[in-house]
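Peer 1: Turn this into a structure:
(one chain, ligands or ions: 1)
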Amino acid sequence: MTHKNKDKAHIVIIGGGFAGLTALHNLQHILGNHAAITLIDANSNSVNRPTMPEVAFTGKPASHALFPLNHAVNSRNSVFHQGRVKKIEPELNQVLLEDGNSLNYDYLLVAPGAVHDYDAVEGLDEFGYSVCDEVHASHLWEALQNFKGGNIVIGSAPTKQGTRVKAPILKAACEGPIGEAMFMLDFFMKKHHLRDKSTIKIFSPAEIFFEDVGPKVHKAFESLLEEAGISVATNKEISRVYADHVEFSDGSQWESDFTIVLPPHAAPDFIRDSGLGDEAGWMPTDNSMQHLDHGNIFAAGDCNALSQPKLGHIAAMQGKIAASKIALELGEKVEVPEFKPEVFCIMNRGGHEATLILTDTLYGGTRDIVTSGALPHLMKWSFDNYVGYTHGHLPPEWSEDIMKKLLEHL
Ligand SMILES: Cc1cc2nc3c(=O)[nH]c(=O)nc-3n(C[C@H](O)[C@H](O)[C@H](O)COP(=O)(O)OP(=O)(O)OC[C@H]3O[C@@H](n4cnc5c(N)ncnc54)[C@H](O)[C@@H]3O)c2cc1C
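Peer 2: Here you go, the predicted model:
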């Protein structure tokens, strides 16, 4: 299989999530007809993962978190190809697909996200629940309908990092989904008059729960946790889930009638199989998202070793940077944005309440903002609807700039 016009540079993007689609939109905008772009994804739909807690805890139909990639991608200079990537041959500039097809590229952007490794925690698939994808989130919602109260245990398993790039060392890939799960579940249990019959206990593999935020956010969190009667234990690595309890690597056990675990995040196997990963499998790049060993290969999103924590906000930022750098390499006069990571997320807490976090203390900055109420909930609702309605476009940058300026005054 070859691209549609041999005279043009052919850019191949693997993955139609936040990183891949943001890169695609920026490349389309900068390059117009000067390049041919193919986006490959294993699935026909893109999944808006930040909506999964709503599927799991409010029964929102999973279909509301999906949009078709052929509509999002196909245009005058871009083509969507559905297929699962098996391997990359960097010396041949070729991507091999599981269906036997192959694609040649001039530039390659690898953006397949992370694999949620459910098998890494024994008993999780049999006795536990998760929220990472539409199948697990829908299954959780179904199970909740029959839950009559009891001991609830929620937490994340540790994720491994490599050492080739300088990125913050974190035990958990991202604890935002844990925050959402515990508050939304607390709300659900209260609404169904089951909270008095239940306990909610959180475990974290890290020394501090939410190790990626600053002291102001921690303080706000403490009050929210106290108010909800949720307890937290740190330095706990889950080893096994049973029907009525969980076991940790330190030998301790907690009774649990309903266990929710965010499994370890791992890099997709094809990265390692192609010789492109660091010792933990993640793609090592410089701050322009260019692979440390291959000048025409880029990586953005959860698969990039620089992505700490694994956040859609960082994935989109990297997608934009990678697109600008590829365009620059193709001779376009563009500025490559600086990589200035920050933790920015909005956690729903049930009903019309949400908590917004914007902090860069993990990267040496001083910004550490947290605000709760109906306004953050409305912001998340607007963001999700914008992404769904526009098939993967992010709200305009000026809207984010205004929002950040307003937040500075809190
Ligand atoms: C429950 C939950 C809630 C979250 N909430 C937030 C939030 O509120 N805010 C936030 O910023 N982040 C949040 N995140 C994190 C965020 O979802 C991820 O960081 C983000 O989705 C990463 O984007 P990505 O483009 O790298 O990967 P993904 O969104 O995972 O997309 C990767 C794409 O690549 C495709 N793919 C994978 N392997 C292959 C292959 N071999 N061949 C072809 N295609 C392949 C997949 O089908 C997928 O479409 C949340 C995560 C979870 C699990």
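Peer 1: Backbone dihedrals for residue 134, please?
Peer 2: Dihedral angles phi and psi of residue 134 (degrees, to the nearest 10) take the values phi -70, psi -30.
Peer 1: Look at it and say how many residues are nearby.
Peer 2: Residue 134 has 22 neighbouring residues, counting by other C-beta atoms under 10 Å. All C-beta atoms are positioned from the backbone trio N, CA, C, and that covers glycine.
Peer 1: What sits closest to it if chain neighbours are left out?
Peer 2: residue 62 (3.8 Å; C-beta to C-beta, 6 or more residues apart in numbering).
Peer 1: same thing with residue 283?
Peer 2: With sequence-adjacent residues excluded and distances taken as C-beta to C-beta, 6+ apart, residue 283 is closest to residue 299, at 3.5 Å.
Peer 1: if I pick that neighbour, what's in contact with it?
Peer 2: Residue 299 makes contact with 109, 110, 111, 283, 285, 289, 291, 318, 322, according to C-beta atoms under 8 Å, 6 or more residues apart in numbering.
Peer 1: Give me the phi and psi for the single nearest residue of the stretch 151-300 of the chain relative to the ligand.
Peer 2: When you check the stretch 151-300 of the chain against the ligand by C-beta to the nearest ligand atom, the closest residue turns out to be residue 177, at 3.7 Å. Backbone torsions for residue 177, taken as degrees, to the nearest 10, come to phi -60, psi -30.
Peer 1: that older thread, show me how to select, in ChimeraX, the buried members of the contacts of residue 299.
Peer 2: Typed into ChimeraX, the next command selects the buried ones out of the contacts of residue 299 (criterion: 16 or more other C-beta atoms under 10 Å):
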select :109,110,111,283,285,289,291,318,322
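Peer 1: Could you restrict the contacts of residue 299 to the ones contacting the ligand?
Peer 2: Within the set of the contacts of residue 299, contact with the ligand (C-beta under 6 Å from any ligand atom) is found for residue 111.
Peer 1: Please narrow the contacts of residue 299 to those residing in strands.
Peer 2: Those of those mapping onto strands are 109, 110, per DSSP state E.
Peer 1: Which single one of the contacts of residue 299 is nearest to residue 68?
Peer 2: Ranked by distance to residue 68 (C-beta to C-beta), the contacts of residue 299 are led by residue 111 at 18.1 Å.
Peer 1: For residue 12, see how far away the closest one is.
Peer 2: 11 Å (C-beta to C-beta, to the nearest Å).
Peer 1: which stretches of the stretch 101-250 of the chain form strands?
Peer 2: Listed in chain order, the strands found in the stretch 101-250 of the chain under DSSP state E, counting those that start in this stretch are 102-104, 107-110, 115-116, 128-129, 151-156, 199-203, 230-233, 238-241, 245-248.
Peer 1: for these, which one ends up most surrounded?
Peer 2: strand 107-110 (a mean of 27; mean count of other C-beta atoms under 10 Å).
Peer 1: helices and strands around it, which ones?
Peer 2: strand 9-14, strand 297-299, helix 312-329 (3 or more C-beta pairs under 8 Å, 6 or more residues apart in numbering; DSSP states H and E).
Peer 1: and the residue of the stretch 51-200 of the chain found nearest the ligand, what is it in contact with?
Peer 2: Residue nearest to the ligand within the stretch 51-200 of the chain: residue 113 (2.4 Å; C-beta to the nearest ligand atom). Contacts of residue 113 were listed using C-beta under 8 Å, 6+ apart, and they are 15, 17, 19, 268, 301, 302, 303, 315.
Peer 1: tally of neighbours for the residue nearest to it when sequence neighbours are not counted?
Peer 2: Distance criterion C-beta to C-beta, 6+ apart; nearest residue to residue 113, sequence neighbours excluded, is residue 302 at 4.5 Å. Using other C-beta under 10 Å, residue 302 is surrounded by 29 other residues.
Peer 1: Over to the one 3 residues further on?
Peer 2: Here the number of neighbours of residue 305 (other C-beta under 10 Å) works out to 24.
Peer 1: And for the one 4 residues further on?
Peer 2: For residue 309, the neighbour count with other C-beta under 10 Å is 25.
Peer 1: Next one: it from residue 184, what distance?
Peer 2: When distance is defined by C-beta to C-beta, residue 309 is 20 Å away from residue 184.
Peer 1: Can you list the low-confidence ranges for the chain?
Peer 2: Counting by pLDDT under 70, the low-confidence segments of the chain come to 1-7.
Peer 1: Residue 405 falls within a helix, correct?
Peer 2: Yes: checked against DSSP: H, G, I helix; E, B strand; the rest coil, residue 405 lies within a helix.
Peer 1: quick one: it from the ligand, how far?
Peer 2: Per C-beta to the nearest ligand atom, to the nearest Å, residue 405 is found 20 Å from the ligand.
Peer 1: do the same with residue 362
Peer 2: Computed with C-beta to the nearest ligand atom, the distance linking residue 362 and the ligand is 14 Å.
Peer 1: Test my guess that that residue contacts residue 213.
Peer 2: Yes: at 7.4 Å, residue 362 counts as touching residue 213 under the criterion of C-beta atoms under 8 Å.
Peer 1: Give the residues shared as contacts by those two.
Peer 2: In terms of C-beta under 8 Å, 6+ apart, residue 362 and residue 213 are both contacted by the residues residue 343.
Peer 1: the helices in the stretch 151-300 of the chain, which residues?
Peer 2: For the stretch 151-300 of the chain, the helices defined by DSSP state H, counting those that start in this stretch cover 176-191, 215-228, 269-273.
Peer 1: Point out the most buried one among those.
Peer 2: Each of these was given a mean neighbour count from mean count of other C-beta under 10 Å, and the largest, a mean of 22, is that of helix 176-191.
Peer 1: Quick check: the two most widely separated of the contacts of residue 113?
Peer 2: 268 and 315 (14.4 Å).
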